[in-house]
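Novice: 3D, please:
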Amino acid sequence: MAVLILLALFAGLNVYAYVLMGYDKRQAKRGGRRVPERTLFLLSFAGGCIGIERGMKKFRHKTQHRSFRILVPLSFVTVALLYGVLLKLML
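Specialist: Okay, here's the model as predicted:
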């Protein structure tokens, strides 16, 4: 049961991250209020790294920022280790 909750959390974080990247891109085009980069990085390291990465590619957003090109792949490794440890502890 706990494994399903963890997987649902992971999926939800990634969907939210993807939508947030699209929202931020739209706000950037309109000159509206933006999502802070810190929020996007925190979401990525919390488990939304796939959604952030897919959003970067789909919306062509933040792809030229060096910090995103470095930290998003790093978050993949961090999240894989974190979720791997959590799954091992649950089983």
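
Novice: Sketch out the low-pLDDT regions of the protein for me.
Specialist: Within the chain, no range satisfies pLDDT under 70.

Novice: mind listing the helices for it?
Specialist: Under the criterion DSSP state H, helices of the chain are mapped to 2-30, 37-43, 49-59, 66-90.

Novice: How about the first one, which residues are buried there?
Specialist: Think helix 2-30. For helix 2-30, a neighbour-count test (16 or more other CB atoms under 10 Å) marks 10, 13-14, 17-18, 20-21, 24-25 as buried. Every C-beta, even on glycine, is put in place using the N, C-alpha and C of the backbone.

Novice: now stretch 59-71: how far from the chain's centre is it?
Specialist: 12 Å (CA atoms, centre = their mean, to the nearest Å).

Novice: Which positions within that stretch qualify as buried?
Specialist: Buried-residue list, stretch 59-71, by 16+ other CB under 10 Å: 59, 61-62, 68, 71.

Novice: Tabulate these (a markdown table), appending distance to Glu53.
Specialist: As requested, those are exported to a markdown table (distance: CB to CB, whole Å):
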| residue | distance to Glu53 |
| --- | --- |
| Phe59 | 11 |
| His61 | 11 |
| Lys62 | 10 |
| Phe68 | 9 |
| Leu71 | 11 |
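
Novice: Run a quick check on Gln27 versus Arg33, I expect a contact.
Specialist: Yes - using CB atoms under 8 Å as the test, Gln27 is close enough to Arg33 to be in contact (6.2 Å).

Novice: on that earlier part again, closest one to Ile50 out of the buried residues of helix 2-30, please.
Specialist: Closest approach between the buried residues of helix 2-30 and Ile50, by CB to CB: Asn14, at 4.7 Å.
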